[in-house]
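[1] I need the structure of the sequence given here:
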Amino acid sequence: MLSVTDQATRESAEAIWRSLGATASHIAYGMLALVWLTTLSFSPFPKIGLLTALNTTPKRRDSPISLRITIYLALMFLLATMAVVSTVLNGILNLDMEPSDSWEWNSVVPGVATVAMTALSAAITTYRLYIVFCGDHSVLIIPSFLVLTGSACGLPILHKIADPSREYASAVQFTLATVFYSAFIIHSVVCTTLIARRLLGEEARLMSLIALRISAVVPLHSLRHIPSITANMDASGPEIRKEYRVLTRIIVTSTAFYTIFLFVTVLAYMLQSPLRLLLLPVIPQITALAASLSLLQVAISITYRVRDTSNEVVLTFPRFAFQ
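    Residues are numbered from 1 along each chain as shown. Now for the predicted structure:
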């Protein structure tokens, strides 16, 4: 049992951490706004993006980021905006910030944003996995199960999912929140590992297909006697390998950043560390940032490679922008 002095000290410390969490949320939102406006420069609406002078389609009739992904990023930005606005209004209107079990809008709105953005991000990652495995539905079983499980756990506790105060949550609510975040962490790790392994082995599969296609015209035993063919294949290998490695790095780094952040947040929540008060309010912004940065890097890679090659086909990059 805490004494009155200890209780007052604890509440004062938590108030500071909550203030830091709100500040971090606003800073992350500012970063998200800059990244989102930059992605618009590579979308079908480049004139409203930050890089208005950038000619992103000198040799392509389509934009690096397709319309559907532009809508997806706009939706993520809108949900992040909802979460930030609710936090700002809480401060302006001096609403009661003490945790409760009521479904008040100031607790539901951040929860809706957190659940919706986490599920949307996982859905896009799952679709990436589906694309990489060339439409193999079997690879969707585990990721889909994890997304549905996480979403099902998050919906009943929309008013508590973004609440960092475990002591005000029932055992069931705490368990559901833990399963929610854990399911999406596992989903992120599984999908990223499968995508990375598939992409790193894609170069060998592609070169095998090229050799098979050539052998349909020229017998395999005759290939070594045609220097131009063998030279082109030897020269293409490193270039193809480089492209898939770049794409793998983009996917792994962006996902690793998001996954590590979620893991630390869940750990802080389970241990009731004061760090939870800083990290939980930032989840919507970090989720949107990870998705936006990943697609922005892909868009920049597409633009860079199309500028440097006369061929409009850029292997896997356009597929990850869902052209």
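
[2] in the one helix or strand Ala116 maps to, what's buried?
    Ala116 is part of helix 105-132, with elements assigned from DSSP states H and E. Neighbour counts over helix 105-132 (16 or more other CB atoms under 10 Å) mark 106-126, 128-130, 132 as buried. For every residue, glycine as well, the C-beta is placed using N, CA and C.

[3] tell me which other helices or strands that helix touches.
    Counting contacts by 3 or more CB pairs under 8 Å, 6 or more residues apart in numbering; DSSP states H and E, helix 105-132 is packed against helix 67-92, helix 141-154, helix 171-200, helix 227-271, helix 283-308, helix 317-320.

[4] quick one: that helix to helix 67-92, angle?
    Relative orientation of helix 105-132 with respect to helix 67-92: 160 degrees, computed using axes from the mean of the first three to the mean of the last three CA atoms, to 10 degrees.

[5] does Ile161 count as helix, strand or coil?
    Using DSSP: H, G, I helix; E, B strand; the rest coil, the three-state assignment for Ile161 comes out as coil.

[6] need the contact list for it.
    Taking CB atoms under 8 Å, 6 or more residues apart in numbering, we find Ile161 in contact with Gly111, Thr114, Val115, Gly154, Ala177, Phe180.

[7] let's see 10 Å
    Shown here is Ile161, whose contacts under the criterion CB atoms under 10 Å, 6 or more residues apart in numbering are 107-108, 110-115, 118, 153-155, 169, 173, 176-177, 180-181, 280, 283.

[8] likewise for Ile16?
    Remark: with contacts taken as CB under 10 Å, 6+ apart, Ile16 is in contact with Pro274, Leu277, Leu278.

[9] quick one: what helix or strand has it in it?
    When secondary structure is defined by DSSP H and E, Ile16 falls within helix 4-39.

[10] pull out the buried residues from that helix.
    Judged by neighbour count (16+ other CB under 10 Å), helix 4-39 contains these buried residues: 17-18, 21-22, 24-26, 28-29, 31-33, 35-36, 38-39.

[11] state the number of residues packed around the closest residue to Leu146 other than its chain neighbours.
    Taking CB to CB, 6 or more residues apart in numbering as the measure, Leu146 lies nearest to His187, with 4.0 Å between them; neighbours along the chain are not counted. The local packing of His187 (other CB atoms under 10 Å) involves 26 other residues.

[12] surely Ala268 touches Leu275?
    Yes: contact criterion CB atoms under 10 Å: Ala268 and Leu275 qualify, at 4.2 Å.

[13] just to revisit the earlier point, I'd like the helices and strands packed on helix 105-132 laid out as CSV, including mean pLDDT and distance to Leu51.
    Rendered in CSV, the data for the helices and strands packed on helix 105-132 read as follows (pLDDT from 0 to 100; distance: least, CB to CB, whole Å):
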stretch, mean pLDDT, distance to Leu51
helix 67-92, 87, 15
helix 141-154, 94, 34
helix 171-200, 89, 28
helix 227-271, 73, 19
helix 283-308, 82, 10
helix 317-320, 48, 19
